[in-house]
Structure formats: C-alpha cells, structure tokens
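Participant: turn this into a structure:
(one chain, ligands or ions: 1)
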Amino acid sequence: MNINVLGASGGLAGLSGSTCLQISETILIDAGTGISQLNLAQMQQVRHIFLSHSHSDHICCLPMLLANLFNALDPSQSVTLYGSKDTFAALKAHVFNWVIWPDMTVMPSAEKPLVRLQEIAAGESVTIEGIEIKTFATYHTVPTLGYAVRKAGQLTAFVADTGYAESVVSALNALGPLDAIILECSFPNELEAIALQSCHLTPHLCEKLLGGLTEQPKRIWINHLKPDLAERIQPQLAPDWQLLL
Ligand SMILES: Nc1ncnc2c1ncn2[C@@H]1O[C@@H]2COP(=O)(O)O[C@H]2[C@H]1O
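Facilitator: Numbers count the residues shown, from 1 in each chain. Predicted coordinates for the structure are as follows:
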C-alpha cells in the first residue's frame with residue numbers, strides 16, 4: 001500500500017497505536033497514538049492533517065504533535081487542519097480551550113497562527129502535492145468524514161469510524177472502482193447490539209457493506225479492532241481480508 005499506516009488500532013493496547021495514516025511526508029490522516037512511530041524530525045515535516053472526527057482515539061496526539069512544530073516553523077509557515085465544521089467546533093470547545101491545551105489557531109498571533117483550520121464538507125476534495133483527497137460522510141455517533149486518497153494512480157478509501165448505512169454504501173460507490181478500502185471492524189459478531197448502538201461494524205456488517213459495492217475493491221484492509229476484542233474478531237474475518245496492525 002502506498003499509504004504508511006502508523007496506527008490502525010481501535011484503542012490503546014493494540015499491536016499498533018490508534019488511528020494515524022501517513023499519506024506523504026507532509027500529510028497525515030488523523031492523529032491517534034500511532035503518530036508516536038514518527039521521530040521528531042519526521043513530525044516536524046507535517047503540514048497537513050485531515051481529521052475524520054473528534055473522538056479521542058483519532059485526535060489525542062494532535063496537541064503534542066503541534067507543540068513539536070511550534071518552535072520548528074518560521075512565522076511564514078503553518079500547519080493546516082482539514083475537517084468538518086463539527087469536528088472543529090468540538091476541538092475548539094474541548095481541546096484548544098486554554099484548559100486542556102492552548103488555542104494554537106491564534107498562536108503565536110491570530111494573524112499568523114501555527115494552525116489554520118480548513119473546513120471541508122462531504123463530497124469536497126483537496127489536492128496537495130499531486131495527491132487528491134476526497135471526503136465522504138460515514139455513519140457514526142458524531143459527524144465523521146472518510147477520505148478517499150488518489151495517489152500514484154491508486155485509489156484507496158479510508159472509511160474511518162462507521163456503522164452500516166445505505167448512505168455509506170452509496171458514498172463509496174460514488175467514488176468509482178477502488179484499488180483498496182480500509183474498513184473498520186470494531187466488534188465481533190456476537191456484540192452486534194453494541195456495534196449498532198455505537199455505530200461501528202462487525203465482520204457480518206462489513207460483509208453487508210462490502211456486498212453493497214458495485215465493484216469489489218482489489219484489496220480489503222480491516223482496521224480499528226478494539227484491542228480487548230481483537231482475538232474474538234480475527235477468526236470471524238473473511239480469508240481474503242487483510243488485517244492492518
Ligand atoms: N452506546 C454507546 N455509544 C457510543 N459508544 C459506546 C457505546 N457503548 C460503548 N461505547 C464505546 O465507546 C467508544 C467511543 O469511541 P469509539 O466510537 O471508537 O467506540 C466506542 C465504543 O467502544
């Protein structure tokens with residue numbers, strides 16, 4: 001895969017950290033604990049961070065990553081966060097509120113801040129360094145964006161956190177044929193009730209979602225297993241699905 005998976009766990013004690021995908025030296029999707037696989041110099045290369053949603057396992061390392069950039073960047077440089085209006089509202093209210101962390105969108109000055117927020121809505125796309133990143137809405141307990149990454153001629157859909165919904169199937173079909181899909185599977189089949197409540201997938205629900213696709217992705221990568229349930233989920237995954245660890 002031409003995406004470097006730094007973290008793919010749905011929690012803290014997985015084999016890898018929580019969600020963080022490195023799309024290029026300067027571009028990340030999400031900022032979970034997986035980011036700690038990067039060394040300081042690699043972190044200081046980051047200029048673009050696409051956020052799927054506001055949940056802690058996807059944003060918990062964002063404040064400390066930004067702190068590593070604060071003294072490294074000169075005033076003409078900044079880091080752009082891309083995400084939905086809802087994700088930014090949650091970050092402003094609950095993270096960058098001067099209690100949990102300083103508001104780096106106004107530091108060192110409001111005119112030339114370290115962090116710039118670029119709202120992005122489902123269906124919109126951004127192209128950076130020739131890499132096209134297109135958003136789509138998933139179905140989760142908070143508004144969540146998936147990201148379809150077109151890099152070096154390959155289209156990979158990172159579905160982010162989602163439950164089963166026809167709207168997600170339609171959004172994926174609208175992207176066109178996928179070279180790869182990165183699909184979450186947080187709970188085992190026997191915990192479908194919790195999966196439905198918390199808007200996540202089980203192996204059965206992954207099958208249902210994949211079954212709705214007009215064309216099967218060439219590669220199916222499964223991620224976001226809850227660490228305490230991983231051993232129960234793994235035997236339930238189809239043999240041709242690959243596990244991202
Ligand atoms: N009823 C519920 N609604 C939302 N989250 C729940 C619920 N029950 C358990 N959870 C857990 O809380 C977690 C919050 O982050 P996640 O969405 O990754 O996964 C969620 C579930 O593991």
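Participant: was I right about Pro87 contacting His53?
Facilitator: Not quite, residue 87 is Thr, not Pro. Yes. Between Thr87 and His53 there is a contact under CB atoms under 8 Å: 5.7 Å. Where you see a C-beta, it was placed from the backbone N, CA and C, and this is true even at glycine.
Participant: now the common contact residues for the two.
Facilitator: Between them, Thr87 and His53 share these contacting residues under CB atoms under 8 Å, 6 or more residues apart in numbering: Val142, Pro143, Leu145.
Participant: for the closest residue to the second one other than its chain neighbours, which residues are in contact?
Facilitator: For Pro143, ignoring the flanking residues on the chain, the nearest one in space by CB to CB, 6 or more residues apart in numbering is Asp86 at 4.1 Å. By CB under 8 Å, 6+ apart, the residues touching Asp86 are Ser54, Val142, Pro143.
Participant: then stretch 188-208 to PDB, C-alphas only?
Facilitator: What follows is stretch 188-208, C-alpha atoms only, in PDB (Å, rounded to 0.1, in the frame of the first residue of the first chain):
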ATOM      1  CA  PRO A 188     -17.200  -9.300  17.000                       C
ATOM      2  CA  ASN A 189     -20.400 -10.600  15.500                       C
ATOM      3  CA  GLU A 190     -21.800 -11.600  18.900                       C
ATOM      4  CA  LEU A 191     -21.600  -8.000  20.100                       C
ATOM      5  CA  GLU A 192     -23.700  -6.600  17.200                       C
ATOM      6  CA  ALA A 193     -26.000  -4.800  19.600                       C
ATOM      7  CA  ILE A 194     -23.200  -2.700  20.900                       C
ATOM      8  CA  ALA A 195     -21.800  -2.200  17.400                       C
ATOM      9  CA  LEU A 196     -25.300  -0.900  16.300                       C
ATOM     10  CA  GLN A 197     -25.500   1.400  19.400                       C
ATOM     11  CA  SER A 198     -22.100   2.900  18.900                       C
ATOM     12  CA  CYS A 199     -22.200   3.000  15.100                       C
ATOM     13  CA  HIS A 200     -19.400   0.600  14.400                       C
ATOM     14  CA  LEU A 201     -19.100  -2.600  12.300                       C
ATOM     15  CA  THR A 202     -18.800  -6.300  13.000                       C
ATOM     16  CA  PRO A 203     -17.500  -8.900  10.400                       C
ATOM     17  CA  HIS A 204     -21.100  -9.600   9.400                       C
ATOM     18  CA  LEU A 205     -21.800  -5.800   9.000                       C
ATOM     19  CA  CYS A 206     -18.500  -5.500   7.000                       C
ATOM     20  CA  GLU A 207     -19.700  -8.200   4.700                       C
ATOM     21  CA  LYS A 208     -23.100  -6.500   4.300                       C
END
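Participant: having no further points to raise, I will conclude here.
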